[in-house]
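Novice: let's see this in three dimensions:
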Amino acid sequence: MAHNTVCGSMAIGRPTRQEDFRHEPPVISLAGEHYFFSGPIRSYGRVHELASKATNIDLDHEYGGKSSEYLILGPDKRFFRCTRSWTGQVAARSTGDFEDYEEIGDLFSENDVECPLFLYFGPNRTFYTRIADGTEKWKLSHDIIHNGLQTTAHATVSGVKSLWLGVSCAWVAQYRDDRFQFDLKGQYAGLEDTLRKKQEEEVCIAALALNVTDGSSYACVFEDGTKKYEAGSAGFDGKEFERWCDENFKYPQRVRYY
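Specialist: Numbering: from 1, shown residues only. Below you'll find the model as predicted:
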């Protein structure tokens with residue numbers, strides 16, 4: 001079977017005159033020394049040359065052009081990127097490299113996927129993705145299928161909303177009822193205590209990235225406004241990341257005092 005390993009540059013036409021993507025949640029991604037933070041207000045990061053000619057990206061979506069940027073980084077410079085403009089004849093341009101993750105390329109090609117609801121490239125060719133019609137696809141260890149997806153080896157659907165994958169088979173799963181479970185396998189020091197505390201407080205994860213090549217680098221944002229991160233090899237500036245979070249997340253579980 002021929003697999004779709006590279007999505008060259010696919011342009012998708014617009015059925016309506018204008019679209020607004022500000023309702024879509026921010027997404028964060030870490031892979032080695034590269035990182036990207038996608039948000040409705042601002043998207044920025046340092047990426048490799050295959051994902052962008054300009055490896056330092058900083059996009060103002062409010063005043064620098066009405067658009068959205070979705071970019072997920074994986075090991076060995078694998079990636080998926082979708083750039084969408086609010087107006088114009090072309091709704092979206094997608095590009096990516098799915099070598100070692102050919103099943104993702106096949107799924108996106110067969111279903112004309114503009115931008116998935118969720119995508120995560122894990123280490124050792126593992127992945128999880130879900131597209132707009134609810135179809136899921138994954139390649140995972142038995143442990144993650146059983147304990148993370150909480151389903152069987154031959155299942156094709158799960159109750160997972162998001163599944164983040166890390167080194168040494170570490171994982172964090174958030175379900176569609178907003179519960180989450182995790183097993184960090186001794187990696188990403190400092191994150192486990194925070195996850196456990198928020199689990200007890202019934203606070204949801206808003207966004208998370210486990211660096212897929214570095215077990216000490218991560219970034220996590222919770223819906224009460226809590227942020228926990230360790231830049232590690234990705235080398236992003238923590239204070240800038242915190243400001244970006246406050247600009248782009250709504251924090252629906254934050255306790256507000258008047």
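
Novice: just the element for Ile104, please.
Specialist: Applying DSSP states H and E as the criterion places Ile104 in helix 102-110.

Novice: packing partners for that helix?
Specialist: strand 6-13, strand 90-97, strand 127-130, strand 136-139 (3 or more C-beta pairs under 8 Å, 6 or more residues apart in numbering; DSSP states H and E). In short, each C-beta sits where N, CA and C put it, glycine included.

Novice: quick check: buried residues in stretch 182-189?
Specialist: With burial defined by 16 or more other C-beta atoms under 10 Å, the residues of stretch 182-189 counted as buried are 182-184, 187-188.

Novice: could you dump the residues you listed to TSV with secondary structure?
Specialist: Output for the buried residues of stretch 182-189, formatted as TSV (DSSP: H, G, I helix; E, B strand; the rest coil):
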residue	secondary structure
Phe182	strand
Asp183	strand
Leu184	coil
Gln187	coil
Tyr188	coil
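
Novice: so Gly32 is in contact with Ala234, correct?
Specialist: Yes - counting by C-beta atoms under 8 Å, Gly32 touches Ala234, with 7.3 Å between them.

Novice: now for the two: what residues contact both?
Specialist: Residues touching both Gly32 and Ala234 by C-beta atoms under 8 Å, 6 or more residues apart in numbering: 211, 214.

Novice: these two: who's more crowded?
Specialist: Ala234 (25 against 19; other C-beta atoms under 10 Å).

Novice: for the stretch 151-258 of the chain, which segments count as strands?
Specialist: 160-165, 171-175, 180-183, 205-210, 218-222, 227-230 (DSSP state E, counting those that start in this stretch).

Novice: list the buried residues in the fourth one.
Specialist: Of the residues in strand 205-210, 205-210 count as buried by neighbour count, 16+ other C-beta under 10 Å.

Novice: now do the first one
Specialist: Using 16+ other C-beta under 10 Å as the test for burial, strand 160-165 gives 160-165.

Novice: from the contact counts, what lies against it?
Specialist: Checking 3+ C-beta pairs under 8 Å, 6+ apart, strand 160-165 ends up next to strand 118-121, strand 127-130, strand 171-175, strand 205-210.

Novice: mind listing the strands that strand pairs with, and their directions?
Specialist: The pairing partners recorded for strand 160-165 under DSSP bridges are strand 171-175 (antiparallel).

Novice: cool, the last one as well?
Specialist: Sheet partners assigned to strand 227-230 using DSSP bridges are listed as strand 218-222 (antiparallel).

Novice: can you name the next helix or strand after the least confident helix or strand in the chain by mean pLDDT?
Specialist: Comparing helices and strands within the chain by mean pLDDT, DSSP states H and E singles out strand 6-13 as the least confident, with a mean of 49. Towards the C-terminus, the helix or strand next in line after strand 6-13, according to DSSP H and E, is strand 27-31.
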